[in-house]
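Student: Let me see the structure of the following:
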Amino acid sequence: MIPAASRPAWLIAAAGLVLLCAAFHREVAAAIHVWNQSTAYGHCWLVLPIVGWLLWERRTLLAGAVRPAAWPALGAIPVALVWVAADWLGLMEGRQLALVAFAELLLIACLGLRLWWPLSAAFLYLFFLVPFGAFLTPALQRFTTGFIRGGLGLLDVPFQADAFRITIPEGVFYVAEACAGLRFLIASVAFGVLYAVTLFRSPWRRAAFIAVACIVPVVANGARGLGIVLLGHLLGSAEAGAADHLIYGWVFFSFVIVLLALSGLPFRQDAPLPASLPARQTGYAPGRLLFACASVLLVALAGPLSLAVRDAAPQPVLAALFPRLALPAACHAEGVATDHATSTQTIRCGLSTLRVIATALPPASDPSRLLAAARGPALATLIGEADSEAWRTPAGAPWMLLTVKETGQQAAYAVWVDGKPVLGGLHDRLHIARDMLARRGSVSVAVAVTVQAGQGDGGEGLRAFLAAQGSKEGLLF
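Tutor: Numbering: from 1, shown residues only. Below is the predicted model of the structure:
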């Protein structure tokens, strides 16, 4: 299937991809973690088998002539700059997208653009390995809420709306992050692209079908939300209408996907793929192949190497962090454990036992490390998908609350930079990145507050503790 003269290029390309995955192991591990934890990206486990199937469908093209080229290394330079910018801003999705772009450029360098292009449908599908699109959740929540409000208005059902909360006489419905339709949208786009590159040959038909695959799930999820509210109205109980709505949602989505697939069948194009590419393999110098591959890898590896040097910097020592934590009257400290850069304190607040985990990071730490140090311990105690909510204490101090709607579990986290609390939005990420570039000497602190499993008082103990911290800058230092 692959001529002997071309096998070294394929083998070196495969070795280069393995080296990329090893060098960017943080991006790979973060992606796999999301695939396992979020139902919105569970389909990512199918991407590599799908890519293998697409290549098998185009196996006659693999015999095409290899034309190694070094020019993709020039294209890797802006991708490396994007990776660095994403690292500064703590955008893991940006780093992962850059990794896949490096992989594409490596394949072009080793195989040549002339061979890569007819196989591009399979290679570009690798971008679906990236769990990308979570930033769309608030917009999808707003659209779904607006769709429900519009439908209830047209049907003359009395309601009141407050942000993402819909209140009808029969009860209250909340358009949570899990109900925003992101999982439907991501899965539909992945299916739409696969369907389009398999059944259509015209780029216009492909683009049209992919556009439909993007629009239909968003509208369908709005209709699903409206149907749940109407069901609660007809049954006389919001709880009855929302019972098992996630399971019914997947059944409804499967039905929508089937309809989407059937709608594309009348426009399919059965023109076969080219039987093969003209080989015309006249030979190439091994040095040219190695130089083409190495040039892309050297540019790509510059970022992780600089990150390794930065991580080798000594960690700061926490100085009397917990004695300065403010405790409300209903709370009392039970114990503290401190090592070189992490402190853990147990606090009893009413019916809840809280654990406050603080991690000090060295100067110029990037946002991804700060937010990971804060979110990681908070998420580790929660079972299920958590909705996030920016919450400010009565004095104005910002915290991020994480709540699992099904179980009521809660946790919270916050980050302090220069003694000022930040929430981790894009504005705050830019602030942290500016601090990183300026090489200031300040120590950043990530704080996570968790509730012991099996305990809870409706979040009152957690909120009481957070509220007591006030808004005084530098309170934790």
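Student: the helices in the stretch 101-250 of the chain, which residues?
Tutor: 113-116, 120-124, 137-154, 182-199, 203-235, 238-242, 245-264 (DSSP state H, counting those that start in this stretch).
Student: could you dump these to TSV with distance to S38, mean neighbour count and mean pLDDT?
Tutor: Using the backbone N, CA and C atoms, a C-beta is placed for each residue, glycine as well. Shown next, in TSV, are the helices of the stretch 101-250 of the chain (distance: least, CB to CB, whole Å; neighbours: other CB atoms under 10 Å; pLDDT from 0 to 100):
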stretch	distance to S38	mean neighbour count	mean pLDDT
helix 113-116	31	18	90
helix 120-124	23	18	93
helix 137-154	11	17	89
helix 182-199	8	21	91
helix 203-235	17	18	89
helix 238-242	21	17	64
helix 245-264	13	15	80
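Student: Indicate which one of those helices is closest to Q410.
Tutor: helix 137-154 (19.2 Å; CB to CB).
Student: Are there helices or strands packed against the closest one, and which ones?
Tutor: strand 165-168, helix 182-199, helix 203-235 (3 or more CB pairs under 8 Å, 6 or more residues apart in numbering; DSSP states H and E).
Student: same thing but at 6 Å, please
Tutor: Judged by 3 or more CB pairs under 6 Å, 6 or more residues apart in numbering; DSSP states H and E, helix 137-154 is in contact with helix 203-235.
Student: Quick check: next helix or strand after the biggest strand by length in the chain?
Tutor: The single longest strand within the chain, with elements called by DSSP state E, is strand 352-361. Following strand 352-361 in sequence order, the next helix or strand is helix 367-380 (DSSP states H and E).
Student: Dump the helices of the stretch 101-250 of the chain to JSON lines, plus distance to A292.
Tutor: Formatted as JSON lines, the helices of the stretch 101-250 of the chain follow (distance: least, CB to CB, whole Å):
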{"stretch": "helix 113-116", "distance to A292": "12"}
{"stretch": "helix 120-124", "distance to A292": "16"}
{"stretch": "helix 137-154", "distance to A292": "41"}
{"stretch": "helix 182-199", "distance to A292": "27"}
{"stretch": "helix 203-235", "distance to A292": "28"}
{"stretch": "helix 238-242", "distance to A292": "57"}
{"stretch": "helix 245-264", "distance to A292": "39"}
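Student: ok, now how distant is R7 from E389?
Tutor: For R7, the distance to E389 equals 55 Å [CB to CB, to the nearest Å].
Student: can you check C331 too?
Tutor: 22 Å.
Student: before we move on, what about A23?
Tutor: From A23 to E389 the distance is 37 Å (CB to CB).
Student: More neighbours: which of these two?
Tutor: Taking other CB atoms under 10 Å, A23 and E389 do not tie; A23 has more neighbours (20 against 13).
Student: what about the residue nearest to that one when sequence neighbours are not counted, how many neighbours?
Tutor: Excluding the flanking residues, the one nearest A23 by CB to CB, 6 or more residues apart in numbering is P304, at 4.8 Å. With neighbours defined by other CB under 10 Å, the count for P304 comes to 20.
Student: Would you check how far apart P304 and A86 are?
Tutor: From P304 to A86 the distance is 13 Å (CB to CB).
Student: how many neighbours does the residue lying closest to S237 once chain neighbours are set aside have?
Tutor: Closest residue to S237 apart from its sequence neighbours, by CB to CB, 6+ apart: E170 at 5.9 Å. Using other CB under 10 Å, E170 has 19 other residues around it.
Student: dump the residue contacts of E170.
Tutor: Residues counted as contacts of E170 (CB atoms under 6 Å, 6 or more residues apart in numbering) are 232-233, 236-238.
Student: Throw the residues you listed into JSON lines and include distance to Y195, thanks.
Tutor: Compiled in JSON lines, these are given as follows (distance: CB to CB, whole Å):
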{"residue": "G232", "distance to Y195": "35"}
{"residue": "H233", "distance to Y195": "36"}
{"residue": "G236", "distance to Y195": "41"}
{"residue": "S237", "distance to Y195": "39"}
{"residue": "A238", "distance to Y195": "37"}
